[in-house]
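S.K.: Sequence and predicted structure, then a few things I'm wondering about:
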Amino acid sequence: MKRRFVAVVWFLLSCYGLFLRVPSSGVPNVIHLDKMAHFAMFFGQFYLLGRVFVVNRQSQFFKLWLVALLWAVVSELVQGIFTARTMDFWDGVVDMVGATLAVLYLYVRRNYHHDPKDR
């Protein structure tokens, strides 16, 4: 129950950051800060989803990755069409890098670590 709550809160905060929050000029000037934020959002979201749904078969990891791909495409389209933000191909790439690393981490941990709490 706690994992599900955290995953839902993470998702809602991600939606706020992706669709509702207007970029401001008050953000520190860090090169590619938006890419780091995209990476962190997608890594966190798909790590949490993998923990909530106790993904443990290879086909489940692939399905989780496909959901990440769909969410990356949809989120960029929504940003470009319905918000004041712009659609950026590289944001989508970074989204998938974050999600892919989260899914790979879960896969390695579940298949090679053998921690009973992960099952």
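M.R.: Thanks, I have it.
S.K.: So Arg51 versus Phe89, what's the distance?
M.R.: According to CB to CB, to the nearest Å, Arg51 and Phe89 sit 29 Å apart. Any C-beta I mention is one placed from the backbone N, CA and C, and that applies to glycine too.
S.K.: So the two - more neighbours on which side?
M.R.: A count of neighbours by other CB atoms under 10 Å puts Arg51 above the other of Arg51 and Phe89, at 18 against 8.
S.K.: Please tell me I have it right and that one contacts Tyr105.
M.R.: No - counting by CB atoms under 8 Å, Arg51 does not reach Tyr105; the two are 10.8 Å apart.
S.K.: right, and Arg3 touches Arg51 too?
M.R.: Yes - contact criterion CB under 8 Å: Arg3 and Arg51 qualify, at 5.2 Å.
S.K.: now the helices for this protein?
M.R.: Using DSSP state H, the helices of the chain run over residues 2-15, 33-52, 58-82, 89-108.
S.K.: May I see those helices arranged in a markdown table, with distance to Arg21 and mean pLDDT as well?
M.R.: Below are those laid out as a markdown table (distance: least, CB to CB, whole Å; pLDDT from 0 to 100):
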| stretch | distance to Arg21 | mean pLDDT |
| --- | --- | --- |
| helix 2-15 | 10 | 89 |
| helix 33-52 | 10 | 92 |
| helix 58-82 | 11 | 92 |
| helix 89-108 | 14 | 94 |
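S.K.: Now for the most centrally placed residue in the chain: which residues touch it?
M.R.: Centre of the chain computed as the mean C-alpha position; nearest residue by CA atoms, centre = their mean is Phe42, 1.5 Å away. By CB atoms under 8 Å, 6 or more residues apart in numbering, the contact set of Phe42 is Ala68, Trp71, Ala72, Val94, Asp95, Met96, Val97, Gly98, Ala99, Ala102.
S.K.: what's the closest of those residues to Phe11?
M.R.: Distance to Phe11 across those (CB to CB) is lowest for Trp71, with 9.4 Å.
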